[in-house]
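K.L.:
Next one to model:
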Amino acid sequence: MIRKCIIMKVFSGFHVEYKKRHDEIWPEMVEMLHEYGAKNYSIFLDAETNSLIAYLEIEDEELWSKSSETQICQKWWKYMKDVMETNEDNSPIAVELRELFHLD
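P.N.:
Numbering: from 1, shown residues only. Predicted structure coming up:
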């Protein structure tokens, strides 16, 4: 299992909306995430900095990298662009963190 941790930003004043949208995540989005190997996926909020810290485990880096090309992922990004920092293609501006320590 490959562990991934990513930092993104939600706009100030949109914390509740961001959570609401994830509480109501589309079933087809969940299906795609599982299909492309995502497991144990959590997103945390640092409300003081508007930082979103996403943690997930994947089975295969190459398979996971293709998830962004799916129609449902593109649709989700477009849906989320008004509540978080995004790139021109609507993908979240994200910084992947390097794991330095892990303990089971």
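K.L.:
Could you tell me how many residues sit around Pro92?
P.N.:
Pro92 has 19 neighbouring residues, counting by other CB atoms under 10 Å. Just so you know, the C-beta spots here come from the backbone N, C-alpha and C atoms, and that holds for glycine as well.
K.L.:
swap that for Trp76, sorry
P.N.:
Trp76 has 20 neighbouring residues, counting by other CB under 10 Å.
K.L.:
Excluding chain neighbours, what is closest to Leu33?
P.N.:
Closest residue to Leu33 apart from its sequence neighbours, by CB to CB, 6 or more residues apart in numbering: Tyr41 at 6.6 Å.
K.L.:
Partner strands of the helix or strand where Glu96 lies and their direction?
P.N.:
Assigned by DSSP states H and E, Glu96 belongs to strand 95-97. According to DSSP bridges, strand 95-97 forms sheet pairs with strand 2-9 (antiparallel).
K.L.:
ok, back up a step: output the contacting helices and strands for the one helix or strand the residue nearest to Leu33 maps to.
P.N.:
Using DSSP H and E, Tyr41 falls within strand 39-46. Applying 3 or more CB pairs under 8 Å, 6 or more residues apart in numbering; DSSP states H and E, one finds that strand 39-46 makes contact with helix 15-23, strand 51-58.
K.L.:
Contacts for the longest one next, please.
P.N.:
For helix 15-23, the surrounding residues in contact (CB atoms under 8 Å, 6 or more residues apart in numbering) are Val10, Ile43, Leu45, Ala47, Asn50, Leu52, Tyr79, Met80, Val83, Met84.
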